[in-house]
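Peer 1: Got a sequence here, can you model it:
(chains A, B, C and D)
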Number of protein chains: 2
Amino acid sequence: MSETNGSQSTREAIVDAADGLFYARGIGQVGMDAVRDAAGVSLRALYKEFASKDELIVAVLGKRHSMWTSGVTAKVDSIAEPRAKLLAVYDYLADWFGDADFRGCGFINAFGELGAANHRVADTVREHKADFQKYVDSLVKAAGGPASLGPQLAILAEGAQTTAAIAGTTDAARHARAAAESLIAAAGI
Amino acid sequence: MSETNGSQSTREAIVDAADGLFYARGIGQVGMDAVRDAAGVSLRALYKEFASKDELIVAVLGKRHSMWTSGVTAKVDSIAEPRAKLLAVYDYLADWFGDADFRGCGFINAFGELGAANHRVADTVREHKADFQKYVDSLVKAAGGPASLGPQLAILAEGAQTTAAIAGTTDAARHARAAAESLIAAAGI
DNA sequence: GTCTGGCGAGAACGATCGTTCTCGCGTCTG
DNA sequence: CAGACGCGAGAACGATCGTTCTCGCCAGAC
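Peer 2: Numbers count the residues shown, from 1 in each chain, chains lettered A, B, ... in the order given. Modelled structure (predicted):
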């Protein structure tokens, strides 16, 4: 039992540490030694949990996916009106962009760095984005909007993330939100 | 004289070869040996033109910037009406996304991979995106649109690039274009 | 107490990579 | 023709990295 708990929290500690490092520096710039140091475990324990760096990368992306999903969902759920739920997505982005260590979408970054060389990473990123698209589509549908609106709103969210990361400001969230308002109004909902 | 021409074309051959490899595989996945092979030059000649891989990376991004700029400009210039010029940007994207080897925006990819570790790369990417934003702003102004429209249209273009890269389809160009039409119409131009 | 097994610390290994060096050939100069 | 130089080919070097191995220690079993 203690092993089970121990293993699980070791695993989480590794994933959390690796996520912080991968996101902050780029995956290729982080060695397993740095992950070991940050997680406070031995290299032996690290490789007992993850057979290779690739598996660790996939696990990190998985954790990032659930944190993103729960974060967006919480923000959207805090709003009652279906039409306003759509805009809540951009408010979530604005909060996120304000983080001192914001450095863009970890999935986009991972895809650009490793997508061509590592198809597990590419697939994981694709699934993440497809999942988000589906979520936005469902919000659009609930608000009575046309199916064509979903992809447009998702593209705004993607563009805001890269723009904010590169420019180093949170302005993109505001601009994307304003654009979304126009598109929603134009859609007649 | 022949040395001058020779040097220049050697330099261009190196940059072209490196660009193709960096873009296709990710910068970190390409060794200088691979660049040498693809460019058909000796390692010695390579390091005579570029003192380090970092300098080669910056040169590649510079070439990519001018190719992007001239490509977009050519497409936009082929359209007469100021309002339609704005949409021509997304037509250029649609063409690009259709390339068999399209793999997203090379600047976004480079930023995600190296932006945190290499500030010359980060600065170069920032300049590229700021330049594009300024260009879009100028097109908006020429079309008589409000200043707020420029950032919105640029965000659509950024989002389309990452979405198309990850999804592996050209749909995003169409969706971004449709969204841009709505935003332009909403702006009353 | 003794033995066993697992674990942490970190050395070690093999591969890769950025960069430099060596060597030998061809070429241009006088 | 002699000699010096420049260059291509690729070996070599040093650093880094992913991964595995060794060693010594501690905990638990009997």
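
Peer 1: Okay, now the unreliable bits of chain A?
Peer 2: Confidence mapping of chain A against pLDDT under 70 gives the ranges A:1-8.

Peer 1: That one: helices as residue ranges?
Peer 2: A:2-25, A:32-39, A:43-49, A:53-77, A:82-97, A:106-114, A:119-142, A:149-167, A:171-186 (DSSP state H).

Peer 1: just so I know, which of the ones you listed lies nearest DNA strand C?
Peer 2: For the helices of chain A, distance to DNA strand C was read as CB to the nearest atom of the strand. The smallest value, 3.7 Å, belongs to helix A:43-49. No exception for glycine: its C-beta is placed from N, CA and C like everyone else's.

Peer 1: residues of the closest one that come out buried?
Peer 2: Residues A:45-46, A:49 are the ones in helix A:43-49 that count as buried (16 or more other CB atoms under 10 Å in any protein chain shown).

Peer 1: just stretch A:111-122 next, same as before
Peer 2: Buried residues in stretch A:111-122, defined by neighbour count with 16+ other CB under 10 Å: A:111-116, A:118, A:121-122.

Peer 1: Same check on stretch A:88-100?
Peer 2: Going by neighbour count (16+ other CB under 10 Å), the buried part of stretch A:88-100 is A:88-94, A:96-97.

Peer 1: Distance check, the most centrally placed residue in chain A against A:Asp19.
Peer 2: Central residue of chain A (CA atoms, centre = their mean): A:Trp68, 4.7 Å from the mean position. With the distance defined as CB to CB, to the nearest Å, A:Trp68 ends up 12 Å from A:Asp19.

Peer 1: Over to A:Asn118?
Peer 2: 17 Å.

Peer 1: In contact with A:Leu21, which residues are there?
Peer 2: Contacts of A:Leu21 were listed using CB atoms under 8 Å, 6 or more residues apart in numbering or on different chains, and they are A:30, A:34-35, A:38.

Peer 1: Kindly indicate the member of these with the most neighbours.
Peer 2: In terms of neighbours by other CB atoms under 10 Å in any protein chain shown, those top out with A:Val35 at 24 neighbours.

Peer 1: Leaving out sequence neighbours, find the closest residue to that one.
Peer 2: Closest residue to A:Val35 apart from its sequence neighbours, by CB to CB, 6 or more residues apart in numbering or on different chains: A:Ala18 at 4.8 Å.

Peer 1: how close does the one you found get to A:Asp33?
Peer 2: To A:Asp33, A:Ala18 is 12 Å away according to CB to CB.

Peer 1: With neighbour numbers in mind, choose between these two.
Peer 2: A:Ala18 (26 against 10).

Peer 1: Tell me the spacing between that one and B:Gly150.
Peer 2: Separation of A:Ala18 from B:Gly150 (CB to CB): 39 Å.

Peer 1: Next: A:Tyr23.
Peer 2: Distance, A:Tyr23 to B:Gly150, by CB to CB: 30 Å.

Peer 1: list the contacts for the closest residue to A:Leu156 other than its chain neighbours?
Peer 2: Using CB to CB, 6+ apart and skipping residues adjacent in sequence, the residue nearest A:Leu156 is A:Ala176, 4.4 Å away. Counting by CB under 8 Å, 6+ apart, A:Ala176 makes contact with A:90, A:93, A:156-157, A:159-160, B:152, B:155.
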